[in-house]
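Engineer: sequence first, predicted coordinates after that:
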Amino acid sequence: MKLSGTSDQKPLVCKGVSKRYKLGGSIVHALRETDLEVEEGEFLSIMGPSGSGKSTLLHIVGTLDRPDAGKVVIDGIDVTHLPESRLSVVRRERIGFVFQFFNLATQLTAVENVSLPMLLSRRYNSDEATEKSKTLLGLTGLPESRYRNTPGQLSGGQQQMVAIARALANDPAFILADEPTGNLDVDSSANLMSIMESLNSHFKLAVIMVTHNPDVAAHAKTVKFMRDGHLQDDAPEPYMSAISAARRSDVSPPPQLSAMLNKLLDLEEKVYRRRFVEGEMSEEELLDGIARLHRRRRQTR
Amino acid sequence: MKYSLRDLWARPTRTVLTILGITIGIAFMASLTSLTLSMKTRVSEDVSSLLGSAILASDVDLQPMPVFYTSTIAQIPGVSSVIPVIIGGGYTRKEAAIVIGVPVSDMASFVPQPGGSFPSSDSALEFITTDLGASSMRLRINDTLKLTTQAYVGGVNLKLVGTTEIGGFFQGLSAGRGSVVVTGLGAAQYMLNMRGYATHFVIRISEAGVADSVVNSVRATFPRLKVITEKDLLTNLNNILDTLDALMLSVSMVSLAVSGLSIMNSVGMSVAEKRREIGVLKSIGADNWHVLFIFLFQGVVMGVAGGILGGLAGYGLAYVIVTDFLPRVIGTALQFPFVYDVGTYARGFVIGLLMSALASLVPSWGATKVRPIEALRYE
C-alpha cells in the first residue's frame, strides 16, 4: 500500500538465497540459490508440497530467519545481515504478517490488536492509532459491533479480518500471508480472499502468499511453485489445471473502499502534520510525505 | 502497559496468590522491624526514666554501701543531688517480690503520683506497688501484705497505701511478673537488715556535659563503686537489641526471598505460556525492550500491590502484637509502646519493589530471547 512509505524501491528482492538445515546426521538443502522479485501491486502465490522449502522462504523473506547465502532486500533495505534490533523495525514498518492461526493478542480487543504495531512504532499517538484501526477494520468489513470484542469473542473469519487490518497498520511494503485460509471455512475463505484481492488490486498492495490450496492460489496474479528448494515459474500440470479452473475475473471492490482509502490518506496527512509540529520530522520529510499522499490520492481517483 | 496489565488480570488466581506472597513478606518485615523499634523505644524510655540525666552507682560486688557516702559524693563538682536507694528481694505468699527502698521525699521524682498516697514516712511500714502488682497480690489500698525477707523469716506486715500505673522507676526494675514493693528507705533498711546502708546511689547531675567528669571523680574517690550512666546502659542494651534487629531482619529477608521466588515463578510461567504470543509480538515489530517491559512491568505491578498491602498488613500485625499479643503473653509489665515508623515501611516498600523488579528480570530477560519464528512454529 505504501501510503506513507519512504521508498520507491521494489518491495522485495531475493538473490541467490540458500539455506541448509542439519536434520539428524544429514544436511537438508531447504533453499538452493533462490531468486525472487516482487513488484509493487503484485499478488504472488507460492505453492508446493510439504518440505519443498516454502516455509523456509517465508521465514527468510519475513526476516524471521537468516539465509546461509544470498541477499534479501526489503523496500530498498538490505536485511541480510541487519542486527536483530534493526530487523524488528523492518518487520514493524515494512512487513505485514497474516498467519494461519491469526495469532492475535488474546487479551486485547480487535481495535487494540490493530493499534499495537502503530503504538510500537511510536509514529502514532493513541487516538490516531485507534482512529486508523477503526478505519482499517472497516476496510476489511468487520462489523463495527465487533470492534471492542477480544479474539475469543470473534469467529475465525473475523479474527483473520483483524489480522489483516493489523498487517496493514504501518503501511507495509508487502503482506506476507502463511496459509491465511488454512483455518477457515469455505465462506470465510472466499470472503478473506476477496478482501486480499481488493487490497491488492485497488491499493497496489504487494501480497506474498504461501498456500497448498489451488482455489486460494487462483486469486493471485502470479503463481510460483517450490520444489526441492528451487522456485519455479510454472506449477506442475495438476496444480495449473486446478488453478485455471478456480480463476475468476470479476473482482469488484467493496463500495466503501475509495472512501476508506481517502479517510486513511487524510489521517496520514494529519499524523504527518502533528509529527512535524512536535518536531518528530523535518520540513523536508513532511513535504515529501504529503507529496506521496497526494500522488496516491490521484492514483485512487 | 495495557497488554501487560490485561495479561496479569487474565490469570487472577496466580496473580492474587503472588501478591499475597509479597504482602506476607513485606508485612512480616515491616512488623518485625516495627517491633524492634518498639523495644528500642521502650528500653530508651525505661533507662531514661530510671536514670534520667543521672548516674547509677553500686558496689562492684553488689555489697551494701554506707549511706554517708551520699554527702561525700554530693560534694563532687557537677553533682546536684545524691539519692541512696535499696534494691533487694523478698517473698509474698505467692511469689518473689522486688523490694525497692527510696527516701519518701525523693519518691515523687521516680514514680508517677499513685492512686492513694506515698508512704507517710521513710520508716513507716507502708508501701506502694503497681496496679498489676496489687491485682496479682489481690490487695486493695489499706490491705496488709506479709513480706518475708532473709532478715525476717516470720514476715513483716506492710500496708498498701498507693498503686501506680506502669512507668517511672518501676518501669526499669519491675520487668517480669514478680511483685514490686516500694517503701521508704528506712522501712527497706529495716526489712532487709541494712540499717545505715544502701545498695545503689542515684547521682543526679546539673547538666549532661559534666557526666564524664562526675563519673571519673566518683571512680577516683570510691574505687569499689561501679558507675553506670544512661549512655552506657543504652549502648549495652541497644547492642543487644541491634543483634535482635539483625536476626529479625534476616528472618524477614528469607521471607522476602521466598516472595521473590514466587514472583519469579509467576512471571516465568507467564513467559512460558506466552512464547507463541511473544513470537507474534516480535513478528509485528516489538523489540527486546518492549518484551522485557511487558513482563518486568507485571513483576513491578505485583511488587507495588504487595508492597502497599504488606505495609498496611504490617501495620496491623505490629499493632496487634504490641497492644494485644505481648501483654497477654508476657504481662503488662513489659508492655511496649506501639511505634510504626514510616521510614521502616518505606524501606520495606522499596526493598519489596527492588526485589520484585529483580525477581521478574530473570524470566523477562528470558522472554527477550524468544525468536519471532516461534509465532509460526506452534502452527
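Structural biologist: All right, it came through fine. Residues are numbered from 1 along each chain as shown, chains lettered A, B, ... in the order given.

Engineer: every contact and neighbour count from this point should use C-alpha atoms.
Structural biologist: Fine.

Engineer: please give me every residue in contact with the residue of the stretch 201-301 of chain A found nearest chain B.
Structural biologist: For the stretch 201-301 of chain A, the residue closest to chain B is A:V210, as judged by C-alpha to the nearest C-alpha, at 12.9 Å. Neighbouring residues of A:V210 by C-alpha atoms under 8 Å, 6 or more residues apart in numbering or on different chains: A:45-47, A:54-55, A:58, A:177-179.

Engineer: could you measure it against A:A177, distance?
Structural biologist: Remark: distance between A:V210 and A:A177 (C-alpha to C-alpha, to the nearest Å) = 6 Å.

Engineer: count of residues packed around B:D61?
Structural biologist: When counting by other C-alpha atoms under 10 Å in any protein chain shown, one arrives at 9 neighbours for B:D61.

Engineer: enumerate the residues of the stretch 51-200 of chain A near chain B.
Structural biologist: Within reach of chain B by C-alpha under 8 Å from any C-alpha of the partner chain, the stretch 51-200 of chain A has these residues: A:59, A:64-65, A:85, A:88-93, A:95-97, A:99-101, A:103-105, A:107-108, A:117, A:120-121, A:167.

Engineer: among the residues you listed, which ones are in helices?
Structural biologist: A:59, A:85, A:88-93, A:117, A:120-121, A:167 (DSSP state H).

Engineer: now the residues you listed: which count as buried?
Structural biologist: A:59, A:88-93, A:117, A:120-121, A:167 (16 or more other C-alpha atoms under 10 Å in any protein chain shown).

Engineer: mind putting those into CSV with pLDDT?
Structural biologist: Formatted as CSV, those follow (pLDDT from 0 to 100):
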residue, pLDDT
A:H59, 88
A:S88, 87
A:V89, 88
A:V90, 89
A:R91, 88
A:R92, 87
A:E93, 85
A:P117, 91
A:L120, 87
A:S121, 86
A:A167, 91
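
Engineer: isn't B:T92 right up against B:L147?
Structural biologist: Yes. Using C-alpha atoms under 8 Å, B:T92 is in contact with B:L147, at 5.0 Å.

Engineer: what's the first helix or strand after the helix or strand hosting B:D245?
Structural biologist: Per DSSP states H and E: B:D245 is located in helix B:230-273. Per DSSP H and E, helix B:230-273 leads on to helix B:275-283 as the next helix or strand towards the C-terminus.

Engineer: same for that following helix, what does it pack against?
Structural biologist: In terms of contacts (3 or more C-alpha pairs under 8 Å, 6 or more residues apart in numbering or on different chains; DSSP states H and E), helix B:275-283 is packed against helix A:84-94, helix B:374-377.

Engineer: A:S133: what's it in contact with?
Structural biologist: So A:S133 contacts A:111-112, A:114-115, A:165-166, A:169 (C-alpha under 8 Å, 6+ apart).

Engineer: can you tell me how far it sits from A:E144?
Structural biologist: From A:S133 to A:E144 the distance is 11 Å (C-alpha to C-alpha).

Engineer: the nearest residue to B:A211 once chain neighbours are set aside: how many residues sit nearby?
Structural biologist: The spatially closest residue to B:A211, leaving aside those adjacent along the chain, is B:I205, at 6.9 Å (C-alpha to C-alpha, 6 or more residues apart in numbering or on different chains). Residues lying near B:I205 (other C-alpha under 10 Å) number 22.

Engineer: and which of the ones in helices among the residues of the stretch 51-200 of chain A next to chain B is nearest A:Y239?
Structural biologist: Relative to A:Y239, the closest of those is A:H59; by C-alpha to C-alpha it sits at 23.7 Å.

Engineer: doesn't A:V72 make contact with the closest one?
Structural biologist: No. A:H59 lies out of contact with A:V72 (C-alpha under 8 Å); the separation is 11.6 Å.

Engineer: which residues touch the closest residue to chain B within chain A?
Structural biologist: In chain A, no residue comes nearer to chain B than A:R92, which is 3.8 Å away by C-alpha to the nearest C-alpha. For A:R92, the contact set (C-alpha under 8 Å, 6+ apart) comprises A:117, A:120-121, A:170, B:283-286.

Engineer: report pLDDT for B:N142.
Structural biologist: We have a pLDDT of 91 for B:N142.

Engineer: make that A:P253, sorry
Structural biologist: 56.

Engineer: got it, and B:L334?
Structural biologist: 54.

Engineer: what are the ranges of the strands in chain A?
Structural biologist: A:12-23, A:26-38, A:43-47, A:69-74, A:77-78, A:95-98, A:174-178, A:206-210, A:222-227, A:230-232 (DSSP state E).

Engineer: just to revisit the earlier point, gap between the residue of the stretch 201-301 of chain A closest to chain B and A:E237?
Structural biologist: A:V210 is 19 Å from A:E237, by C-alpha to C-alpha.

Engineer: try A:E269
Structural biologist: 48 Å.

Engineer: and the residue lying closest to B:L62 once chain neighbours are set aside, how many neighbours?
Structural biologist: Spatial nearest neighbour of B:L62, excluding adjacent residues (C-alpha to C-alpha, 6+ apart): B:T199 at 6.8 Å. B:T199 has 22 neighbouring residues, counting by other C-alpha under 10 Å.

Engineer: what residues are up against B:T199?
Structural biologist: B:58-59, B:62-65, B:84-87.

Engineer: what is the nearest of those residues to chain A?
Structural biologist: B:I87 (74.0 Å).

Engineer: C-alpha coordinates for the helix or strand encompassing that closest one, PDB please?
Structural biologist: Here B:I87, judged by DSSP H and E, is contained in strand B:79-91. Provided in PDB are the C-alpha atoms of strand B:79-91 (Å, rounded to 0.1, in the frame of the first residue of the first chain):
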ATOM      1  CA  VAL B  79      26.600  16.700  91.300                       C
ATOM      2  CA  SER B  80      23.200  18.300  92.100                       C
ATOM      3  CA  SER B  81      21.900  15.600  94.400                       C
ATOM      4  CA  VAL B  82      22.600  12.000  95.500                       C
ATOM      5  CA  ILE B  83      19.800   9.600  96.500                       C
ATOM      6  CA  PRO B  84      20.500   6.400  98.400                       C
ATOM      7  CA  VAL B  85      18.400   3.500  97.200                       C
ATOM      8  CA  ILE B  86      17.900  -0.100  98.300                       C
ATOM      9  CA  ILE B  87      17.000  -2.800  95.800                       C
ATOM     10  CA  GLY B  88      16.500  -6.100  97.400                       C
ATOM     11  CA  GLY B  89      14.300  -9.100  97.400                       C
ATOM     12  CA  GLY B  90      11.600 -10.800  99.500                       C
ATOM     13  CA  TYR B  91       8.700 -13.200  99.200                       C
END
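
Engineer: list the buried ones in that strand?
Structural biologist: Result for strand B:79-91 [16+ other C-alpha under 10 Å]: buried residues B:79, B:81-91.
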